[in-house]
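K.L.:
sequence-free structure coming up:
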């Protein structure tokens, strides 16, 4: 998917990441492999979680990469979309839950008991 807002990740960019900070680059690659390896959760499930999280963090590179990885591991289009809806609900739910802070603040300003 081409984007005008975000440059594509080219081999030149990947090489620069590795050359500019080889230790952290290698450590991150190993960490990522370990995280997505089959364990209590299989890789497919982990990639669906990553798709959902990528939508909450709004990282276009992560959305594209983890959607591709989820599909490669056998996730269907409906599963990917359901994961995205879970992310949307959680994001909206967080806003709703945190409304307690605004209400408590307004009550405090207005002299209402908590």
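P.N.:
All right, it came through fine. Since we're looking at a predicted model, the values are computed, not measured.
K.L.:
List the buried residues of the longest helix belonging to the chain.
P.N.:
In the chain, assigned by DSSP state H, the helix with the most residues is helix 77-109. The neighbour-count check on helix 77-109 (16 or more other CB atoms under 10 Å) flags 79-80, 83-84, 86-87 as buried. No exception for glycine: its C-beta is placed from N, CA and C like everyone else's.
K.L.:
possible to save the residues you listed as TSV with pLDDT?
P.N.:
Formatted as TSV, the buried residues of helix 77-109 follow (pLDDT from 0 to 100):
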residue	pLDDT
79	98
80	98
83	98
84	98
86	97
87	97
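K.L.:
And those residues, which two are furthest apart?
P.N.:
Farthest-apart pair in the buried residues of helix 77-109 is 79 and 87; separation 13.0 Å (CB to CB).
K.L.:
ok, residue 58 - how many residues close by?
P.N.:
Applying other CB atoms under 10 Å, we find 9 residues neighbouring residue 58.
K.L.:
For the residue sitting nearest the centre point of the chain, pull up the helix or strand it's in.
P.N.:
The residue lying closest to the centre of the chain (CA atoms, centre = their mean) is residue 54, at 2.2 Å. Residue 54 belongs to helix 43-57 when assigned by DSSP states H and E.
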